[in-house]
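In: model this:
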Amino acid sequence: MRKFALTAASAVLLLPALALAQSALVGTWKADLGNIQLPTKPSRYLLEHGVYHCQTCAPTYAVKADGQDHKVTGHPYYDSVSITVVDASTIEETDKKGGKTVTTGKTTVSSDGKTIQFDFSDSSDSNGAPVVGNGEATRVAKGPAGSHAISGSWRTTKLSNISDNGLLVTYALDGTKLKMTNPTGQSYSAPLDGTDAPFMGDPGQTSVAIRRIDDSTFDETDKRDGKVIGTAHITVSPDGKTLTVAWTDKLRGSSGSYKANKQ
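Out: Okay, here's the model as predicted:
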């Protein structure tokens, strides 16, 4: 575009780029844990006869719950899972990739069996410190009689104490491209016309497409090896202080939204 800068036509072509320089999206945002709409679709687990089944993982898997590492396939973030039964209400999980621990978690069912509390440490897509936090889920359906208390369907209702590296994202503009970076090492520099661009630093995502709707509204399409795995509709409030992201997870058939505050 620069080689036409002295022509009248180029002056018109440059107007969108000049407008983008004022985009309300530019800056650093922090997700607000008090303004999250979590998916209504429940997660399903089954632990019986010494075998743990993750029935809503994508893809699903089943491993012996004996505290040993067991190979799983089809998951970009981990290739082995270890499930330890601590007691009748509690399990611990360790996920590894290439022999290196990437995720640990502990889940405990309440005494009345209606809720679970979970803690996690996740470095499966972090190039630095792991994202840590905890949360709560409510039972939607019971598991089979005689199965471990974790069995059944659960809907996550609360996330809390998430470390800042899992909450922050920064957007910048480089000409007519939108640049994204975050503390866990993911990044992209994508044209704003919906053209695919490389997504860096995430083993589960290879490309992203960003389409600018207007100065405050953007659509994002996430892909893995050419297949759409998720979408996001991103909107900045009129006062420029709040970002709303409505997302879909195509692999699990779920959706939700969250708000983030300008830093």
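In: count of neighbours near the closest residue to Gly253 other than its chain neighbours?
Out: Counting by Cβ to Cβ, 6 or more residues apart in numbering, Gly253 lies nearest to Lys41, which is 6.4 Å off, once chain neighbours are set aside. Yep, even glycine has a C-beta here, placed from its N, CA and C like the rest. Residues near Lys41, counting by other Cβ atoms under 10 Å, number 17.
In: try the one 5 residues further on
Out: Leu46 has 18 neighbours, counted by other Cβ under 10 Å.
In: gap between the helix or strand where Ala246 lies and the chain center?
Out: Taking DSSP states H and E as the definition, Ala246 sits inside strand 242-249. Offset of strand 242-249 from its chain centre (Cα atoms, centre = their mean, to the nearest Å): 11 Å.
In: who touches the following helix or strand past it?
Out: Later in the chain than strand 242-249, the nearest helix or strand by DSSP H and E is strand 254-262. With contacts defined as Cβ atoms under 8 Å, 6 or more residues apart in numbering, strand 254-262 is touched by 27-32, 35-41, 167, 169, 240-249.
In: repeat for stretch 98-112
Out: Applying Cβ under 8 Å, 6+ apart, the set of residues contacting stretch 98-112 is 77-79, 86, 89-96, 115-124, 149-150.
In: let's see 6 Å
Out: Under the criterion Cβ atoms under 6 Å, 6 or more residues apart in numbering, residues 78, 89-95, 116-124, 149 lie in contact with stretch 98-112.
In: got the phi and psi for the residue nearest to Gly253?
Out: phi -70, psi 120 (degrees, to the nearest 10).
In: any idea how far it lies from Leu33?
Out: 20 Å (Cβ to Cβ, to the nearest Å).
In: low-confidence regions, the protein specifically.
Out: 1-22 (pLDDT under 70).
In: please enumerate the helices of it.
Out: 8-20 (DSSP state H).
In: domain assignment for it?
Out: 20-38+165-262, 43-163 (automatic domain parsing).
In: ends of the last one, how far apart?
Out: Spelled out, it's domain 43-163. End-to-end distance of domain 43-163 (Cα to Cα, to the nearest Å): 23 Å.
In: begin at 44 from now on, thanks
Out: Got it, first residue is 44 now, which makes that one domain 86-206.
In: doesn't Ser280 make contact with Thr260?
Out: No. Using Cβ atoms under 6 Å, Thr260 is not in contact with Ser280; the gap is 11.0 Å.
In: quick one: the closest residue to Thr116 other than its chain neighbours and Tyr214, what's the gap?
Out: Here the nearest residue to Thr116 in space, its sequence neighbours aside, is Asp122; by Cβ to Cβ, 6+ apart that works out to 7.3 Å. Distance, Asp122 to Tyr214, using Cβ to Cβ: 33 Å.
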